[in-house]
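Asker: give me a model of this one.
(one chain, ligands or ions: 1)
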Amino acid sequence: MNIYYPPQFWKKKKLLFGITGGISAFKVVGFVSHLVQAGSDIQVIMTKAAQQFIGENTFNALTRKPVYSDLFESGEKILHIHLMREYENLVVAPATANIIGKMAGGIGDDLLSSCFFVDPKKVIFVPAMNVDMWHNPIVQENLKKLVAIGTRVMVPSSGNLACGERGEGRLPEQEVFLETLYYLLCSPQSLQGKKVLITAGPTREYIDPIRYLTNSSSGLMGCSLAAAARARGADVTLIGGPMSVRIPSGIRYIPIVSSQDLKTATLEHYDKTDVCIMSAAVADYRPSNPSAVKIKKQGKTELILNLIQNPDILSELGRRKVSQILVGFCAEDGDLLVEAPRKLQQKNCDVMVANRILPGESGFEVDKNKAWFLNKNGEMIDIPLMDKMELAETIIDHLVAFYFS
Ligand code: C5P
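Answerer: Numbers count the residues shown, from 1 in each chain. I've put the predicted structure just below:
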């Protein structure tokens, strides 16, 4: 299961986790365990109610640190001040209607609520409750008050709730939680207010109703770019062919099948876009006359398919370009650094990302990529072989440096 954050992101992060009395507290055990394994320093604070759902020993064993719950813990330091100065952020998960109300109402009567008042801008609420409690106007008003002073909120997921009802109010699943936390903690938000359109994955060109021509693109590079742009505050639309990887959270996803679909969807969104990244592996050809029924093999020892060329979408976008920053991808196993600048110019792109295809090492169906970043001023940045999520962050940061700073 892909989770879109760079592997190094959680290394040495110092996070406080505030656990309050909701049934979904059990899910936070998994989050904490994952973050500790990823190299974060996690300190857990529990309210008295949280201890009704999960034991202190569980978090103590996972973090190998004492769990704090008592405001009046005796020691050398004043605990709530010390913790909030020492740690980068406080994640309150699950955050009940009660803790949200207490903090919005100015009540600090235990360790966790007192921590909040030391530095509300460091606090991230992850509310989890029944759907009607979540939509209760008092809860929503309280959250607005907290957001107004710089506290951040992770919107709950929808689905089955512990009470047996369905709706909004679920604590997000681990991959959504970790990805959204990465988005919330990532700074600076260098693409805030920008619309980014990304295409990803393969296309399918149908021969008959059940067979098709395709390629081995997994979509991982495009999905990683979508998450990296989202983490920098962009409003991201991802148009993707049938991919073998999970779609990142927090973005608008438009599924397509064929290159014709990809063209229609991309042109529909292109005019409103600030940055367009064409990382999809578009099929160059499609059957000229697909069969409406399944092709039978009886009586045929040979089957000849006639193919016609698909429209080059990137070239079309290059022709229609007004103020968009247009980024193409070029994957080659041959003369990459000759082909990439030629395609950049021919397709009227601003940037071309050149990928080296080395089966099993770089390019299709592997987690790593070796790339070069070329712009239309003739500048070329050699990026070493790296994890695709790390590469996605590097590409987005180069785009920001060239065009948005
Ligand atoms: O010409 P080539 O296929 O190598 O160019 C690759 C770039 O062009 C990629 O950005 C890809 O998404 C885009 N492309 C396209 N339409 C096609 C083929 C490729 O937009 N029919």
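Asker: pull out the buried positions in the longest helix along the chain.
Answerer: Longest helix in the chain by number of residues, with DSSP state H as the criterion: helix 388-403. Across helix 388-403, burial judged by 16 or more other Cβ atoms under 10 Å covers 388-396, 398-400, 402. Yep, even glycine has a C-beta here, placed from its N, CA and C like the rest.
Asker: likewise for stretch 289-298?
Answerer: residue 290.
Asker: then stretch 107-114?
Answerer: Buried positions in stretch 107-114, judged by neighbour count with 16+ other Cβ under 10 Å: 108, 110-114.
Asker: closest to residue 178 among these?
Answerer: residue 112 (21.7 Å; Cβ to Cβ).
Asker: can you report phi and psi for the closest one?
Answerer: phi -60, psi -50 (degrees, to the nearest 10).
Asker: which one is it nearest to, not counting chain neighbours?
Answerer: If the residues on either side of it in the chain are set aside, residue 112 comes closest to residue 18, at 4.5 Å by Cβ to Cβ, 6 or more residues apart in numbering.
Asker: ok but that neighbour is inside a helix, no?
Answerer: No - counting by DSSP: H, G, I helix; E, B strand; the rest coil, residue 18 is not part of a helix but strand.
Asker: just to revisit the earlier point, dump the buried residues of stretch 107-114 to JSON lines, plus distance to residue 9 and secondary structure.
Answerer: Shown next, in JSON lines, are the buried residues of stretch 107-114 (distance: Cβ to Cβ, whole Å; DSSP: H, G, I helix; E, B strand; the rest coil):
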{"residue": "108", "distance to residue 9": "31", "secondary structure": "coil"}
{"residue": "110", "distance to residue 9": "31", "secondary structure": "coil"}
{"residue": "111", "distance to residue 9": "28", "secondary structure": "helix"}
{"residue": "112", "distance to residue 9": "25", "secondary structure": "helix"}
{"residue": "113", "distance to residue 9": "29", "secondary structure": "helix"}
{"residue": "114", "distance to residue 9": "29", "secondary structure": "helix"}
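Asker: which one of those residues is nearest the ligand?
Answerer: Of all these, the ligand sits closest to residue 112, with 48.9 Å by Cβ to the nearest ligand atom.
Asker: isn't the closest one right up against residue 48?
Answerer: No - look at residue 112 against residue 48 with Cβ atoms under 8 Å: they stay out of range, at 10.0 Å.
Asker: quick check, residue 265 in contact with residue 239.
Answerer: Yes - applying Cβ under 8 Å as the test, residue 265 and residue 239 come out as touching, 4.8 Å apart.
Asker: count of residues packed around residue 219?
Answerer: Neighbour count of residue 219, defined by other Cβ atoms under 10 Å: 25.
Asker: now do residue 148
Answerer: Using other Cβ under 10 Å, residue 148 is surrounded by 10 other residues.
Asker: ok, the one 3 residues further on next?
Answerer: The number of residues packed near residue 151 is 22, by other Cβ under 10 Å.
Asker: again, but for residue 356
Answerer: Residues within reach of residue 356, counting by other Cβ under 10 Å, total 17.
Asker: who does it bridge with?
Answerer: Here residue 356 sits in beta bridges with residue 332, going by DSSP bridges.
Asker: need the contact list for it.
Answerer: The contact partners of residue 356, taken as Cβ atoms under 8 Å, 6 or more residues apart in numbering, are 332-333, 336, 362-363, 369-371.
Asker: same thing with residue 93?
Answerer: Residue 93 touches 17-19, 28, 31, 125-126, 128, 154, 171, 177, counting by Cβ under 8 Å, 6+ apart.
Asker: let me know the pLDDT of the spatially closest residue to residue 172 that is not a sequence neighbour.
Answerer: Setting aside the residues directly before and after it, residue 172 is nearest to residue 157 in space (Cβ to Cβ, 6+ apart), at 4.7 Å. We have a pLDDT of 96 for residue 157.
Asker: I'd like the numbering to begin with 37 instead of 1 from here.
Answerer: With 37 as the first residue, the last one maps to residue 193.
Asker: now residue 193, which residues is it bridged with?
Answerer: Beta bridges link residue 193 to residue 206 when assigned by DSSP bridges.
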